[in-house]
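> Pasting a predicted model and its sequence here:
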Amino acid sequence: MAQCRFFVAGYCMRGDSCRYSHEPVSNSDSVPPPAPHDDAKSKASTRVASHFLQGGSWREQQVFAPAERFAQDVPSTNILQSTQSLFQSPLAFRRREPELAQATSDSRSQIPCYHYARGNCRNGNTCPYSHLDKIDRSEQKVETPSDPEENRFRDDFKREIGGALVQYGLGAQVSKISLPADFSAARITGLPVDSSPESVVALLSELDIDVSLDCVRISPQNGALPISADIKFDDPTAARTLCAKISVGCTSNATVSQLQASQITASFPSGANYRRVECKKVQCSWHKPSKTAWLNFGSKDIARRVFNKFDSASYRILDKKVHCNPPMKGEGGLRNPYSWTVMLTDLSTGTTEHDIRSAIYSPYDRPRNIEIGQPTYNVDGELASATVMSLLSRIGPIEWHQVNTELEGKRAKAVARFYEEHDARKAATSLDNFPLPFGKNMKLSTQLVNIAKFKVATIIFSAVQPQIRAASQDWSEKHLNFKIYPCAGPASQYRVLKIEGSVAKDVATAKETMDKILDGVIALSRGEPLWTHSLSYNGEAFQKLKKIEKDHGVVVIRNRRKGELRLYGPPGRCSNAESAIADMISAESSTNHIINLKPEEFQWACNGGFHTIVCALGENHATFDIVSNPKRILITGSRKEYEAALRTITKREMETTIQDTASEKDCAVCWTAAENPVPTKCGHIYCIDCFEGLCAAAGSAEKDFSISCVAKGKCQAVFSLEELQENLSSRAFEDILEASFASHIQRHPQNFRYCPKPDCGMIYRITNTNNCNTCRKCLTVTCTSCHVSHEGKTCAEYKDEASGGYEALKKLKKELEGVDHIFAGFVWKCS
């Protein structure tokens, strides 16, 4: 029996009653190709779908498609069999091959995949975006998107410590301390609607008041009303001066005469700090422009089947799952060939009727009519992003921002980091659900992002990575984003970790968990830290410690300043290593001897004398400590070895065979091969532990806190803050900054003092006048002149009252009665 060409093409309207064969064919050449599809008739049959839902006329429309009639007449079992036969026939979809080929040509294939560039694309070869190994790098240079936070932490090296804003300079030395009372602010109202920070600065210059642009904030404009500006000064009296000048009108400018100025409370700037959760980042999102499509069917069963396939993602438009509403029945009765409508929402603006028809690949599911609505708004992504960033910048200055409207999903996203935390909080609250001008009923969604960052040594991170991975699973359930950035530092000795989320409490809890993991376990024996003085140097005891570390698969970090060992790794291994360390220390039979060096002996040791001692005693018996004051040499061994080293130092003997006094790979502190080396810009090498010890010892010197290189005892190159931050963990860097602040306060008692309440830690500035300072933390009122609390009284009144006043004088006079002549004689004798 001859093959039915209409069945092969997928639209035979006769079904089982057809006199031609509906069997699949194996030879495609024996069947003529189907008649070409008349697109003109198909387009002529389109009508607005909503018109039929409202009961509009349908009699003028074309007849429904034969494939739908066939699906209505044939039982469901025959439909399944016919569908299978269509897929087996090579001619079944010959007419649709060009359409499918066009549908698979996706413009996104020319865009580099953001996730693949970072090494974590989960879609693999099915990803619609291009991967680097699919592109000829010699012909196309791909610029992968960058995360601004992936770069080194943007630090202005200001810290809020003790209620003060502390600015640091070279060598981690305190360069400036600012208190809340050092700032003032004023608000100017009545400015023209076209005012900008530049125009306000120019206006103030006419009043002989100089301010920078970042100190001027223009309030958001509401309509055509005059706007206001807030000006912040680093001078406690500048705001009062500005208000006085504007009130008297000390310029001929007509604009100034219409202005009003008043003092306001100056906001206290916050400094960056790795120790606390940062809240300066705001995440925004808004709906991308989209289209809605209506698919018309004459059968409820077909409409329901198409809905189920779109809902289960069997049908995908441009390889994306789309949202599909359940079928809706329109008016018009049984004679309406468009009585059932399926609505597709949130389609991309580039979606065409051809894309929809290509997605519905089954010939039995073809809609009779397709109508596509207009986009929700016609503003491109770049202009929409600029509008959103303009709204954010009105709140306060932005350090950096990143916008991406090309990512998958229904919403465009933007991220902005403000300089000040209070600006970020204000933007997150005031702009949430804010109407956007470029779309009807379009609103902006904003949320504050809380961030906790950690910088940890790579060796520690490798040891605790399984614990971090287990904890990150709990963080993921709480919708917290955890990132591990590439290695940092000149020798890749650090890793930077970040936890961020919108719920501050969850981020704080995750930070506590991470801190606990990165703190490690202190090695204890009977409740006391395991430590011996010989572990302070890279001698024989240290080599034994390294062997224990290797044998048990843990990492042991020495804290020489506190005299303790911290263990990192699985709990079971740490416990075994702790027992081994206890046995090693208890079995340590060698004796430690310290030789303090005079200045001339220290110079002799630096010029080759130390290596003379090493050659005489052997390796791991002598350690050079050039950080302590005075400089010293530690001898690990017997009394005889100690006396031999002492004789060498006394006689200033020099080993003549020594050509090179120190290797380029030796640590500048311990003069042994550097462990986990830290290179400095001045060309020297330190052990990572020795470098942290060098930085921590800067506060113990007699001079002001400053960290400089001690290589060969004479380098003295002062380290920059950038270099210190690069070569130290986040915890060690913050410890050093706090130690520098404490040293500065201790060395300048004539300028600053701590709050008298125990364990408060807040400071205040000393004055010569009778001013009272109210502690921001404990609310203790203290006189900044005599440093006691006497609110409502002068210093003289308080001293008089504290001494007992006139009554105390009468009591003293009474006690001295009868002995006046003794005092008189004594005074006469001395005169």
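In hand now; what should we look at? Nothing here was measured: the structure is a model prediction, and the numbers come from that model.
> for the record, mean pLDDT for the helix ranked longest in the chain?
The longest helix of the chain (DSSP state H) is helix 458-477. Model confidence over helix 458-477 averages 92 on the pLDDT scale.
> How about stretch 159-175?
Rounded mean pLDDT across stretch 159-175 is 90.
> again with stretch 427-439
Mean predicted confidence for stretch 427-439 is 91.
> again, but for stretch 733-748
Averaging pLDDT residue by residue across stretch 733-748 gives 91.
> these two touch, right, R560 and H533?
No: between R560 and H533 there is no contact under Cβ atoms under 8 Å: 9.8 Å. Yep, even glycine has a C-beta here, placed from its N, CA and C like the rest.
> before we move on, back to that, residues contacting the following helix or strand past the longest helix of the chain, please?
Scanning forward in sequence from helix 458-477 by DSSP states H and E, the next helix or strand is strand 481-484. By Cβ atoms under 8 Å, 6 or more residues apart in numbering, the residues outside strand 481-484 that reach it are 472, 475-476, 495-501, 510.
> Save these as JSON lines, and put in neighbour count and secondary structure too.
Listed next are these as JSON lines, based on neighbours: other Cβ atoms under 10 Å; DSSP: H, G, I helix; E, B strand; the rest coil:
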{"residue": "S472", "neighbour count": "20", "secondary structure": "helix"}
{"residue": "W475", "neighbour count": "21", "secondary structure": "helix"}
{"residue": "S476", "neighbour count": "11", "secondary structure": "helix"}
{"residue": "R495", "neighbour count": "22", "secondary structure": "strand"}
{"residue": "V496", "neighbour count": "22", "secondary structure": "strand"}
{"residue": "L497", "neighbour count": "19", "secondary structure": "strand"}
{"residue": "K498", "neighbour count": "18", "secondary structure": "strand"}
{"residue": "I499", "neighbour count": "25", "secondary structure": "strand"}
{"residue": "E500", "neighbour count": "21", "secondary structure": "strand"}
{"residue": "G501", "neighbour count": "22", "secondary structure": "strand"}
{"residue": "A510", "neighbour count": "23", "secondary structure": "helix"}
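> L318 touches T351, doesn't it?
Yes: in this structure, L318 is within contact of T351 by Cβ under 8 Å, at 6.8 Å.
> dump the residue contacts of S706.
Here S706 is in contact with 170-173, 698, 718 (Cβ under 8 Å, 6+ apart).
> at 6 Å what do you get?
Neighbour list for S706: 171, 173 [criterion: Cβ atoms under 6 Å, 6 or more residues apart in numbering].
> Please name the nearest non-neighbouring residue to I317.
A359 (4.6 Å; Cβ to Cβ, 6 or more residues apart in numbering).
> If I follow the layout properly, the one you found ends up in contact with L318?
No: judged on Cβ atoms under 6 Å, A359 makes no contact with L318 at a distance of 7.9 Å.
> tilt between whichever strand or helix holds K511 and helix 458-477?
Secondary structure assigned from DSSP H and E places K511 in helix 504-519. Put simply, helix 504-519 runs at 150 degrees to helix 458-477, going by axes from the mean of the first three to the mean of the last three Cα atoms, to 10 degrees.
> right, and the helix or strand after helix 504-519?
Following helix 504-519 in sequence order, the next helix or strand is strand 521-522 (DSSP H and E).
> pLDDT weak spots in the stretch 551-700 of the chain?
Within the stretch 551-700 of the chain, the segments meeting pLDDT under 70 span 588-591, 620, 626-627, 653-664.
> again, only using 50
656-661 (pLDDT under 50).
> One more: the stretch 151-300 of the chain?
Those would be 152, if you go by pLDDT under 50 across the stretch 151-300 of the chain.
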